[in-house]
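**Q** can you look at this prediction? I've put the sequence above it.
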Amino acid sequence: MVLGLLRIRLRFVAHSRKEKRTLVKSVVERLRHRYNAAVSEAGDLDALDLTTIAVACLANDAAHADSQLQNIARAVEGWRLDAEVVDVETELISV
């Protein structure tokens, strides 16, 4: 069994924490519903213009987990968000 982890760092313009929370919540909920994965804001919590979103998925083999994570990363990069994808990092852990 393989645990796949994906970290996506986004940069955007937000004038308040409420604006940031709205954008982050939208991305997190969209990913949860579309990909049935565990998704959470995982970093840059105090920064007003950055956020790190983490996604975790569990699969029977590494190829499937990696494919799922790559699909999620491509989807976020393809969405017309008011945000720039700064960094994408994946990790596969055998359990």
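**A** Good, I have the coordinates.
**Q** now the spatially most central residue of the chain. Nearest residue, chain neighbours left out?
**A** In the chain, the centroid-proximal residue (C-alpha atoms, centre = their mean) is residue 53; its distance is 4.0 Å. The spatially closest residue to residue 53, leaving aside those adjacent along the chain, is residue 8, at 4.9 Å (C-beta to C-beta, 6 or more residues apart in numbering). For glycine as for every other residue, the C-beta is placed from the backbone atoms N, C-alpha and C.
**Q** and what of residue 87?
**A** Excluding the flanking residues, the one nearest residue 87 by C-beta to C-beta, 6+ apart is residue 9, at 4.2 Å.
**Q** separation between that neighbour and residue 61?
**A** As judged by C-beta to C-beta, to the nearest Å, residue 9 and residue 61 stand 27 Å apart.
**Q** more crowded one of those two?
**A** Set side by side, residue 9 and residue 61 show more neighbours around residue 9, with 18 against 12, by other C-beta atoms under 10 Å.
**Q** perfect, I'm done here.
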